[in-house]
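Student: need coordinates for the following:
(chains A and B)
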Amino acid sequence: MRAPTFFTLAALLDGPLHGYGIIKRAEQLSEGAVHMTAGTLYGALDRLSREGLVIEEGQEIVAGRARRYYRLTDEGHSALDAEAERMSKAAAVVQRTKGVAASTARRRPAKAHPRLA
Amino acid sequence: MSGAERSYRFALLAFPKPYREERGDEVIATILEGGDGWCPRLREFFGLFWAGIGQRSLAAGGVKTAGSVRAGIRLGAYFLLWLEANSAMASLVHFHGHAGHGLVFSVGAVVIGIAVLLSLNRGWWAAPITLVLVWELASTTFLGGSSRWPWHAGSGYVAHWTIVLLPALLCLLARPHKNEPRDLRSPMWAIAAPALGALMGWQWSALYTNPWVGLLYVALIVAWLILGWRDLRLSIALATLATYWGLWNALVLTANGIAGLRFGAFAVIELVFLLIAVVPIAIGFGGRRIRA
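Tutor: From the prediction side, this is the model:
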C-alpha cells in the first residue's frame, strides 16, 4: 500500500471527512511527509471506493459547491489494521537485526590495521 | 471565478466528461479550500492533469494505468535527456571541425548521459536503457563517424536505430508480471518498430530535399499511440519524443534549410524545445514526495 493510500485510510479513522479535511489530516498524521494534491487524493478515493474500503457518506453544499464526506468501511478498517501490522513487523525485523549486529560488534574487538600495527 | 480556478478547470478537462460532471465541482472546491488567487499552484495544476489522464486510461481500459502513464513519460523524458547530451556533444565536435577530438566528445556525451539516467532512474526500464546506452556507446565509437554531420550519417543515424531498438529491448527485458494489466510483450511493438525505423531513416535522408517529410513520422507515432493504447507506457514515451521532435521539425520548416541554421541560434532554440517537452513533466513529478 502506497503512503498516500495508507494515510488516506488513516485520516478517516476518527470519522467521516471531506476531501480537504482528508488532505490536512493525512499531512498531520504523517508529520508533513505526505502532502497530497487533489488529483492524488481523488485517484486514491476512487480506487478505495472500488475496492470497498471507503464509502461516501452524505454531502453538503458549501459556497455553492458539493462537498462529499467519506468514511471507512469495515473492510477499510481491516485493511488498515493489516497494513499497520505488516509495517510494525517489518520495523521489528530491522530493530532486531540492528540489535544483533550491535551486540556482535561489542563482543568482537576491532582488529588493528596491518599498516598501523 | 478567479484566475486560479479558471486554470484548475482547464486542467480538469483532462478528466473524462462523465467524471468531470460528477466530481468536477467537488475537486475544484477541495483545491480552492487550500488557497485561492489569481495564480494557480503548479503542483495542484499538474497533479490534476495527471490524475485526469489516469482517469481517462481507466475509462478506456478499465484497469489501473496512472502509474503506467507516469512511467512512460519518465522513460521518454530520460531517453530524451540522454539523446540531447549525445547530440549536443556531437554537434559541438562537428561545428568546431576537430575530427580528432570526436571520439573523446562522443564518449564523454554518452558518459554524461549514463550519469544523468542512472542518477534519475528508479524503474524497471533501467536494464533496457542501459543496454541501449551501451549499444550507442559502441556504435558511436566504432560505427559512426563523429567528424561527419551527426544527423545525416554516423551517430545520428545510429541514434535513430537505437530508438527503434528500444521498444524491442523493452519487450524482451521488461518482463512484466503475468497479472500486470499492460503487457509490454504485445506483438504490436514488433510490428510497429521496423515500420517506424524505416520511416525515420527515410525522413532524415529526405530532409535535405523536402523538410515537410519530417512531419510524417509524427503521424505514424500518433497512429501508433492510438493503436497501441493498451501499451500505454511505451506509447507515451514515444509521444514525449514526438512532442520534442515535432517542435524541432517546426524549426526546420521555418528555417531556410538545415544549412541556414546558425549553431548559436540552433542550440538555444533546441534547448527551449527540450524544456517545453520536459519541464511540465518534471514539475508534475516534483510534487510527488512519497512514491510507491
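
Student: for the rest of this, base every contact and every neighbour count on C-alpha atoms.
Tutor: Noted.

Student: pull out the buried residues from the strand or helix carrying residue A:97.
Tutor: Using DSSP states H and E, residue A:97 falls within helix A:74-107. Buried residues in helix A:74-107, counting neighbours by 16 or more other Cα atoms under 10 Å in any protein chain shown, are found at A:76, A:77, A:79, A:80.

Student: just stretch B:33-51 next, same as before
Tutor: B:40, B:41, B:42, B:43, B:44, B:45, B:46, B:47, B:48, B:49, B:50, B:51.

Student: go ahead and confirm the last one touches residue A:40.
Tutor: Yes: here residue B:51 lies in contact with residue A:40, judged by Cα atoms under 8 Å, at a distance of 6.6 Å.

Student: report the contact partners of the residue in chain B positioned nearest to chain A.
Tutor: Closest residue of chain B to chain A, Cα to the nearest Cα: residue B:48 (4.4 Å). Shown in contact with residue B:48 (Cα atoms under 8 Å, 6 or more residues apart in numbering or on different chains): A:37, A:38, A:39, A:40, B:8, B:11, B:12.

Student: in helices only, show me those residues.
Tutor: Assigned to helices by DSSP state H, the following of the contacts of residue B:48 qualify: A:38, A:39, A:40, B:8, B:11, B:12.

Student: any chance of these in JSON lines, plus neighbour count?
Tutor: Shown next, in JSON lines, are those (neighbours: other Cα atoms under 10 Å in any protein chain shown):
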{"residue": "A:38", "neighbour count": "26"}
{"residue": "A:39", "neighbour count": "25"}
{"residue": "A:40", "neighbour count": "19"}
{"residue": "B:8", "neighbour count": "24"}
{"residue": "B:11", "neighbour count": "19"}
{"residue": "B:12", "neighbour count": "26"}
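
Student: which of these lies closest to residue B:20?
Tutor: Minimum distance to residue B:20 across the ones in helices among the contacts of residue B:48 is 7.0 Å, recorded for residue B:12 (Cα to Cα).

Student: residue A:85 versus that closest one, what's the distance?
Tutor: Here the criterion is Cα to Cα, to the nearest Å. By it, residue B:12 lies 37 Å from residue A:85.

Student: then residue A:61?
Tutor: From residue A:61 to residue A:85 the distance is 38 Å (Cα to Cα).

Student: tell me which element the residue of chain B closest to chain A is part of?
Tutor: helix B:42-61.

Student: would you mind naming what in chain A lies close to chain B?
Tutor: By the rule Cα under 8 Å from any Cα of the partner chain, the part of chain A lying against chain B is A:1-4, A:19-20, A:33-40, A:42-43, A:65-68.

Student: redo that, cut-off 7 Å
Tutor: A:2-3, A:19-20, A:34, A:37-40, A:43, A:65-67 (Cα under 7 Å from any Cα of the partner chain).

Student: let me know the closest of those to residue B:18.
Tutor: Relative to residue B:18, the closest of those is residue A:43; by Cα to Cα it sits at 15.1 Å.

Student: quick one: contacts for the nearest residue to the closest one once chain neighbours are set aside?
Tutor: Using Cα to Cα, 6 or more residues apart in numbering or on different chains and skipping residues adjacent in sequence, the residue nearest residue A:43 is residue B:51, 6.5 Å away. Going by Cα atoms under 7 Å, 6 or more residues apart in numbering or on different chains, residue B:51 touches A:39, A:40, A:43.

Student: ok, those vs chain B, which is closest?
Tutor: Ranked by distance to chain B (Cα to the nearest Cα), these are led by residue A:39 at 4.4 Å.

Student: so what pLDDT did that closest one get?
Tutor: Listed pLDDT for residue A:39 reads 89.

Student: pLDDT below threshold where in the chain?
Tutor: Looking at chain A here, since you left the chain open. Counting by pLDDT under 70, chain A has low-confidence residues at A:108-117.

Student: that was the other one, I meant chain B.
Tutor: For chain B, the ranges with pLDDT under 70 are B:36-39, B:57-292.

Student: how is it divided into domains?
Tutor: B:3-61, B:70-286 (automatic domain parsing).

Student: redo the ones in helices among the contacts of residue B:48 as CSV? Include distance to residue A:55.
Tutor: Output for the ones in helices among the contacts of residue B:48, formatted as CSV (distance: Cα to Cα, whole Å):
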residue, distance to residue A:55
A:38, 18
A:39, 18
A:40, 17
B:8, 26
B:11, 26
B:12, 23
